[in-house]
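Peer 1: no sequence on this one, just coordinates:
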């Protein structure tokens, strides 16, 4: 008798989960390409997704400070060139942790 009750309980949980899935008003996106807008609605259109990413990155790196902080100590040495940074990035290996990098 207890085996039947356990099966009934499992079937009941499964049934309630399926009812919730079907009746839930929220849109669930299972594809990796869709994201939510600021207000929480799901974006499916490629242009909207690109605009949202642009908006997100802009908000992420926005500098709200009134004025830039002053550097009190003079930094000595030559300026770092953009080409040096690009060369260093190209030289880096993908998917390596810091302790695996050979100097």
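Peer 2: Okay, I see it. This one's a predicted model, so the numbers in the text were calculated from it and none came from an experiment. Numbers count the residues shown, from 1 in each chain.
Peer 1: Would you mark the buried spots in whichever strand or helix holds residue 47?
Peer 2: Assigned by DSSP states H and E, residue 47 belongs to helix 46-61. By 16 or more other C-beta atoms under 10 Å, the buried positions in helix 46-61 come out as residue 52. To be clear about C-beta, it is placed using only N, CA and C from the backbone, and glycine gets the same treatment.
Peer 1: contacting residues around it?
Peer 2: 33, 34, 35, 37, 38, 43 (C-beta atoms under 8 Å, 6 or more residues apart in numbering).
Peer 1: Can you tell me how far the residue nearest to the fifth one when sequence neighbours are not counted is from residue 22?
Peer 2: Translated: residue 38. Here the nearest residue to residue 38 in space, its sequence neighbours aside, is residue 55; by C-beta to C-beta, 6 or more residues apart in numbering that works out to 7.5 Å. Remark: distance between residue 55 and residue 22 (C-beta to C-beta, to the nearest Å) = 33 Å.
Peer 1: do residue 90 as well
Peer 2: In this structure, residue 90 lies at 51 Å from residue 22, with C-beta to C-beta as the measure.
Peer 1: thinking residue 43 is in contact with residue 34, fair?
Peer 2: Yes: Residue 43 sits in contact with residue 34 when judged by C-beta atoms under 8 Å, with a separation of 5.9 Å.
Peer 1: And the following helix or strand past the helix holding residue 47, what's buried?
Peer 2: Heading C-terminal from helix 46-61, the first helix or strand you meet, by DSSP H and E, is helix 82-91. When burial is assessed from 16+ other C-beta under 10 Å, helix 82-91 yields no buried residues.
Peer 1: same thing with stretch 36-44?
Peer 2: Residues of stretch 36-44 classed as buried: residue 43 (neighbour count, 16+ other C-beta under 10 Å).
Peer 1: Ends of it, what's the gap?
Peer 2: The stretch stretch 36-44 measures 9 Å between its terminal residues, going by C-alpha to C-alpha, to the nearest Å.
Peer 1: what is the mean pLDDT for it?
Peer 2: Mean pLDDT, taken over the full extent of stretch 36-44, equals 86.
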